[in-house]
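Enquirer: What follows is a predicted protein model with its sequence.
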Amino acid sequence: MNPINKYIFTFLGLMMSCVYYAQNTDTLSFEQFINQVGNYHPVAKQSALIPTAGDEELKAARGGFDPRVYGSFNTKELDESVYYNKQEAGIKLPTFGGIELDANYERNSGNYLNPEVTNTAGLLSAGIQLNLGRDLFIDQRRAALRQAQFFAEQSKEEQKQMLNKLFEQSAQAYWSWAQAQANVNVLEKGVELAFERFEAVKESFRLGDLPGIDTVEAYTQVQAIQDRYLKAQNNLYMYRQELITYLWDEDLNPLEINDNIYPQNLKATQNLEPANKEEYINLLEAHPALKIQDYQIKQAEVDRRFKADRLKPKVFVKYNYLTEETGTVPEAALLTNNYKLGFGVSSSLFLRRERGRLNVADLNLKEQRFRRTDTHALLKANLQNTLNTYENTIDRLTIFKSNVINLERLLLAEQTRFEMGESSLFLINSREIRYIEAQTILNILHSEALINFAQLKSASGTAWKAFLNNEN
């Protein structure tokens, strides 16, 4: 067989086989990569702290309803005379209904005590304070608790939002690395085969089948493919370095990838299908960015309600039952003997502070609602653009797969014409160059489609689910 003919069949066989590279080498699959990122990446670990901070804020707000104990002891003696000896201890119990319960014990003695507090035997007191105006339906403690509850839920959405971005960025790094590796494999084979052709052309020239100028043509092909191969190697190095930034171990030490670790094969990846637009649009309402805005609006509504309550006057009633005995239940009516009763009312005359703060709360609430509307519009536009890009890439990928097959046929046809003396080495070179370029473009389109798919998950707010089962 003519050396050139033998080369053509070798070229096609090797170029088709290089699609399935690195079958007997170590492979870092996309799933393994994402699991590693979700488990150990600093951003993933940082995101896990956000719900914890929200829970701690909620715990602090609930602390506003913790029972409070108090006590004091004061005494004074001068010139062997006891002026006073005052002892007091008690507990106060705030409730979620705005009612405060309290119990108190005091014991006082001395020569110069106020008659109101003189009681050498000790006095027990149990009572209740009820707000009838301001603080009846909402007070600072209840407002802080409700806002903390919304903040705790908001922090979970903030974690999802961080994981969404992390998934998109890490997926882009992985598939860019896979694309660069695939192109290096294609061009590496191209360089090898270009050298083989050059040797075959020289042999044909030696046998008198080809003119000497064809050896120059063959060598320029070698140089052109070598140039592309070197550029592809540089791209592979850069993408590998970018990928490494997403790989960490459990002790937060960065990991390295040696040259014997390969990504999974682009063309062996799952078939990509057109997206269901309606399904993705419906997912948008649960997007973490929108949920964050929703919880911020709810917090602003609580603040507005609290500020509106400040317009009411302070009105309170306080009652305490008094006794010097323990373990007994009063037989008489609670308002006939042994009690303390108080009533108070106060209010600002102009309420300028309260009205000003309420207006600020109204403005803040409107701002949050406007921001939510704007966020929804931006997210919807981004999702629709991403859907369009993804479907466009899928269509291009389908077309280009057919294009590669047709270029292979053209190369075979050119070989047949060459054997019949109707073609030239220059035309065969052109066919091979286009075929190699088509292989690299097909790899790029595969990578773009997979990256677009990851972007689609992020745009719809569901990318965080890829990390759902990871321990952060």
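Expert: Received, thanks. For clarity, every value in this text was computed on a predicted model and none was experimentally measured.
Enquirer: mind listing the strands in this structure by residue range?
Expert: 26-28, 68-78, 81-94, 99-109, 119-131, 261-263, 314-323, 339-346 (DSSP state E).
Enquirer: Nearest to Ala61 among these would be which one?
Expert: Nearest of the strands of the chain to Ala61, taken as Cβ to Cβ: strand 81-94 at 12.3 Å. All C-beta spots, glycine's among them, are computed from the backbone N, C-alpha and C.
Enquirer: how distant is that closest one from the center of its chain?
Expert: Put simply, strand 81-94 sits 54 Å off its chain's centre (Cα atoms, centre = their mean, to the nearest Å).
Enquirer: What pairs with that strand, parallel or antiparallel?
Expert: strand 68-78 (antiparallel), strand 99-109 (antiparallel) (DSSP bridges).
Enquirer: Isn't Asp362 up against Arg304?
Expert: Yes - counting by Cβ atoms under 8 Å, Asp362 touches Arg304, with 6.2 Å between them.
Enquirer: the more surrounded of these two?
Expert: When Asp362 is set against Arg304 and neighbours are counted by other Cβ atoms under 10 Å, the residue ahead is Arg304, at 19 against 14.
Enquirer: For the closest residue to the more buried one other than its chain neighbours, the count of nearby residues, please.
Expert: Nearest residue to Arg304 in three dimensions, chain neighbours excluded: Ala361, at 4.2 Å (Cβ to Cβ, 6 or more residues apart in numbering). By other Cβ under 10 Å, 20 other residues sit near Ala361.
Enquirer: hmm, who's touching stretch 87-101?
Expert: 64-73, 102-108, 125-131, 135-139, 141-142 (Cβ atoms under 8 Å, 6 or more residues apart in numbering).
Enquirer: What is the end-to-end distance of that stretch?
Expert: 21 Å (Cα to Cα, to the nearest Å).
Enquirer: List the buried residues in it.
Expert: For stretch 87-101, a neighbour-count test (16 or more other Cβ atoms under 10 Å) marks Glu88, Gly90, Lys92, Pro94, Gly98, Glu100 as buried.
Enquirer: Can you give the distance of that stretch from its chain's centre?
Expert: 43 Å.
Enquirer: And for stretch 176-196?
Expert: Distance, centroid of stretch 176-196 to centroid of chain: 36 Å (Cα atoms, centre = their mean).
Enquirer: that older thread, what's the distance between the residue nearest to Arg304 and Gln221?
Expert: Ala361 sits 74 Å away from Gln221, going by Cβ to Cβ, to the nearest Å.
Enquirer: Distance check, Arg355 against Leu132.
Expert: Arg355 is 22 Å from Leu132, by Cβ to Cβ.
Enquirer: I meant to write Asn392 there.
Expert: For Asn392, the distance to Leu132 - Cβ to Cβ - is 66 Å.
Enquirer: again with Ala463
Expert: The value you get for Ala463 to Leu132, if Cβ to Cβ is used, is 52 Å.
Enquirer: for Pro254, same thing?
Expert: Distance from Pro254 to Leu132, by Cβ to Cβ: 63 Å.
Enquirer: cool, Ser460 as well?
Expert: From Ser460 over to Leu132 (counting by Cβ to Cβ), the distance is 51 Å.
Enquirer: Of those two, which one has the most company?
Expert: Neighbour count, other Cβ under 10 Å: between Ser460 and Leu132, Ser460 has more, with 23 against 15.
Enquirer: residues making contact with stretch 137-149?
Expert: 57-58, 60-62, 64-65, 94, 96, 98, 131, 299, 302-303, 305-306, 309.
Enquirer: Can you get me the centre-to-centre distance for it and its chain?
Expert: 28 Å.
Enquirer: Just the buried residues of that stretch, please?
Expert: Result for stretch 137-149 [16+ other Cβ under 10 Å]: buried residues Ile138, Asp139, Arg141, Arg142, Ala143, Ala144, Leu145, Arg146, Gln147, Ala148, Gln149.
Enquirer: Stretch 117-136 too?
Expert: In stretch 117-136, counting by 16+ other Cβ under 10 Å, buried: Leu123, Leu124, Ser125, Gly127, Gln129, Asn131, Arg134, Asp135, Leu136.
Enquirer: Can you give the domain ranges for this structure?
Expert: Here the domain parsing of the chain from automatic domain parsing is 3-62+141-301+359-467, 72-136+314-349.
Enquirer: can you list those domains in JSON lines and add mean pLDDT?
Expert: Conversion of those to JSON lines gives the following (pLDDT from 0 to 100):
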{"stretch": "domain 3-62+141-301+359-467", "mean pLDDT": "87"}
{"stretch": "domain 72-136+314-349", "mean pLDDT": "85"}
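Enquirer: Out of those domains, which one sits most buried?
Expert: When the domains of the chain are scored by mean count of other Cβ atoms under 10 Å, the highest mean neighbour count falls to domain 3-62+141-301+359-467 (a mean of 17).
Enquirer: about what we covered before: list the contacts for the residue nearest to Arg304?
Expert: Per Cβ under 8 Å, 6+ apart, neighbours of Ala361: Ala300, Asp303, Arg304, Lys307, Ala308.
Enquirer: Break down the protein into its helices, ranges please.
Expert: 3-17, 30-40, 42-62, 140-207, 213-244, 277-283, 288-309, 352-419, 425-459 (DSSP state H).
Enquirer: Ok, which of the ones you listed comes nearest Asn320?
Expert: Between the helices of the chain, helix 140-207 lies closest to Asn320; by Cβ to Cβ that is 21.8 Å.
Enquirer: what angle do that closest one and helix 288-309 make?
Expert: 160 degrees (axes from the mean of the first three to the mean of the last three Cα atoms, to 10 degrees).
Enquirer: how far does helix 140-207 sit from the chain's center?
Expert: Worked out by Cα atoms, centre = their mean, helix 140-207 lies 17 Å from the chain centre.
Enquirer: what's the answer for stretch 224-242, then?
Expert: 32 Å.
Enquirer: Using CSV, write out every CA atom in it.
Expert: This file holds the C-alpha atoms of stretch 224-242, laid out as CSV (Å, rounded to 0.1, in the frame of the first residue of the first chain):
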residue,chain,number,x,y,z
ALA,A,224,0.8,24.4,12.5
ILE,A,225,-0.5,21.5,14.6
GLN,A,226,2.4,21.8,17.0
ASP,A,227,1.5,25.5,17.6
ARG,A,228,-2.1,24.6,18.4
TYR,A,229,-1.0,21.8,20.6
LEU,A,230,1.2,24.1,22.7
LYS,A,231,-1.6,26.6,23.1
ALA,A,232,-3.9,23.8,24.2
GLN,A,233,-1.3,22.6,26.7
ASN,A,234,-1.1,26.1,28.1
ASN,A,235,-4.9,26.3,28.4
LEU,A,236,-5.0,22.9,30.1
TYR,A,237,-2.4,24.1,32.7
MET,A,238,-4.4,27.3,33.4
TYR,A,239,-7.7,25.4,33.8
ARG,A,240,-6.1,22.8,36.0
GLN,A,241,-4.8,25.5,38.3
GLU,A,242,-8.2,27.0,38.4
